[in-house]
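In: structure for the following, please:
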Amino acid sequence: MSKNIETLMEHYRELQEVLEKTLDLHNNTILTIAEKIIKAYRNSKKLIIFGNGGSYADALHFAGELEGAYRNRNRPALPALVPNPAAVTAIANDFNYDQTFKRFVEANANQKDIVIGISTSGNSKNILVALEEARRKKAATFAFTGEGGGEIKKRGLADILLNVASSDTPRIQEAYKFAFHEICDIVERVLSQGT
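Out: Model (predicted):
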């Protein structure tokens, strides 16, 4: 049992270090993302969020906090769309998997909406193609990746990139959760105050 506790504490220290490094690089990025989302909502725009696997679950969680409530249950619901699994599997079957999120963006994104791609590697082909489509539709593009930013950074596909200071998928996803919660907290507080 003590070995398990040691491992737990080691993972906790790793996460703490990743969060500190990421915040050193991106505290203003988190604030900027929140400000851009607030502006989009004030202009009757929406968020479109997607990712694969655990990043899909992260997209659902992020959207759920905005559509539902992060802390304030008295504020209006905020529009945040995530592709539904039936559409994803149908598009993958009828076209190919690379088109899954592109088709969703094509169907739902409008000019000045915010399209958010989540990819721990920054290299997921269907995320890259979807961000390209978002650019074509003149939507704002944000991305959450791991260290380096991968092809998303290399191709300059994100207007705002938050690349977590780690290459370890579990730590990256845990840092995402922190960033998403902080963004939701700011967005909700500001929009609830009407300022």
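In: all helices for this protein, in order.
Out: 2-42, 54-67, 85-94, 100-108, 125-136, 150-154, 169-193 (DSSP state H).
In: what packs against the first one?
Out: Helix 2-42 sits against strand 114-119, strand 140-145, strand 160-163, helix 169-193, with contacts defined as 3 or more Cβ pairs under 8 Å, 6 or more residues apart in numbering; DSSP states H and E. Bear in mind the C-beta positions are built from the backbone N, C-alpha and C, glycine included.
In: how about the fourth one?
Out: Under the contact criterion of 3+ Cβ pairs under 8 Å, 6+ apart, helix 100-108 touches strand 47-51, helix 85-94, helix 125-136.
In: who's in contact with that helix?
Out: Residues from elsewhere that reach helix 100-108, judged by Cβ atoms under 8 Å, 6 or more residues apart in numbering: 46, 48, 50, 81, 83, 87-88, 91-92, 95, 115, 117, 126-127, 129-130, 132-134, 137, 139.
In: can I get that helix in PDB, CA atoms only?
Out: Output for helix 100-108, consisting of C-alpha atoms alone and laid out as PDB, is shown next (Å, rounded to 0.1, in the frame of the first residue of the first chain):
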ATOM      1  CA  THR A 100     -15.700  14.100 -38.600                       C
ATOM      2  CA  PHE A 101     -15.200  17.500 -37.000                       C
ATOM      3  CA  LYS A 102     -14.800  19.400 -40.300                       C
ATOM      4  CA  ARG A 103     -18.400  18.500 -41.200                       C
ATOM      5  CA  PHE A 104     -19.600  19.600 -37.800                       C
ATOM      6  CA  VAL A 105     -17.900  22.900 -38.100                       C
ATOM      7  CA  GLU A 106     -19.200  23.300 -41.700                       C
ATOM      8  CA  ALA A 107     -22.700  22.700 -40.500                       C
ATOM      9  CA  ASN A 108     -22.600  24.800 -37.300                       C
END
